[in-house]
Every structure is written in C-alpha cells, then in structure tokens.
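1. Give me a 3D structure for the following:
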Amino acid sequence: METSPVPRAFAALWALPQGLLVAVLRRFLKSPTAVHSGLNDPSAAMAAELEQLAEQLRAPARAR
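-> Numbering: from 1, shown residues only. Now for the predicted structure:
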C-alpha cells in the first residue's frame, strides 16, 4: 500500500507519555461532548466494548 494504514495524527500518540494520554482522555470523557455522544454510558455492554478496545490498543505495544 502506498499510504500508511494508521493516520499520522494517531501515530503521534505513540510518542506521548501514557500518563498524559490517560489524563487527557479522562478529561474528555467528562466533557459535554462525550456526555452527549454516549461515550460515558455506564452499561455493562459499553464497559465490555471499551475494555476490548483497550486490549486491542495494548496489543501492538506488547508486540514491540
């Protein structure tokens, strides 16, 4: 493929400290934007979905 499967903006996230990313994400999830988007849904199904997503994001880090 000529283009990277991961946009460069997302690739930049690998260079940032994890603590900073966690703090920014937590702040975003408390924002009105996240509240109205459904990202703060406390249901068990949503929690399981987010846990699976987190595991998928961790997988490439373990492969390095």
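2. mind listing the strands for this structure?
-> With strands called from DSSP state E, the chain shows none.
3. In it, what helix or strand scores lowest on average pLDDT?
-> Every helix and strand in the chain was compared by mean pLDDT, DSSP states H and E; the lowest is helix 8-11, with a mean of 74.
4. Which strands or helices does that helix pack on?
-> Helices and strands touching helix 8-11, by 3 or more Cβ pairs under 8 Å, 6 or more residues apart in numbering; DSSP states H and E: there are none. Yep, even glycine has a C-beta here, placed from its N, CA and C like the rest.
5. for stretch 44-62, what is the average pLDDT?
-> Averaged across stretch 44-62, pLDDT comes to 79.
6. contact partners of it?
-> When contacts are defined by Cβ atoms under 8 Å, 6 or more residues apart in numbering, stretch 44-62 is touched by residues residue 38.
7. Extract the CA atoms of it and return them as PDB.
-> What follows is stretch 44-62, C-alpha atoms only, in PDB (Å, rounded to 0.1, in the frame of the first residue of the first chain):
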ATOM      1  CA  ALA A  44     -22.100  -3.400  31.200                       C
ATOM      2  CA  ALA A  45     -22.100  -3.800  27.400                       C
ATOM      3  CA  MET A  46     -20.400  -0.500  26.900                       C
ATOM      4  CA  ALA A  47     -17.800  -1.200  29.600                       C
ATOM      5  CA  ALA A  48     -17.000  -4.600  27.900                       C
ATOM      6  CA  GLU A  49     -16.700  -2.900  24.500                       C
ATOM      7  CA  LEU A  50     -14.300  -0.300  25.800                       C
ATOM      8  CA  GLU A  51     -12.300  -3.000  27.600                       C
ATOM      9  CA  GLN A  52     -12.000  -4.900  24.300                       C
ATOM     10  CA  LEU A  53     -10.900  -1.700  22.500                       C
ATOM     11  CA  ALA A  54      -8.300  -1.000  25.200                       C
ATOM     12  CA  GLU A  55      -6.900  -4.600  24.800                       C
ATOM     13  CA  GLN A  56      -6.700  -4.100  21.100                       C
ATOM     14  CA  LEU A  57      -4.800  -0.900  21.600                       C
ATOM     15  CA  ARG A  58      -2.400  -2.500  24.000                       C
ATOM     16  CA  ALA A  59      -1.600  -5.400  21.700                       C
ATOM     17  CA  PRO A  60       0.700  -3.500  19.300                       C
ATOM     18  CA  ALA A  61       2.600  -2.100  22.300                       C
ATOM     19  CA  ARG A  62       3.300  -5.600  23.500                       C
END
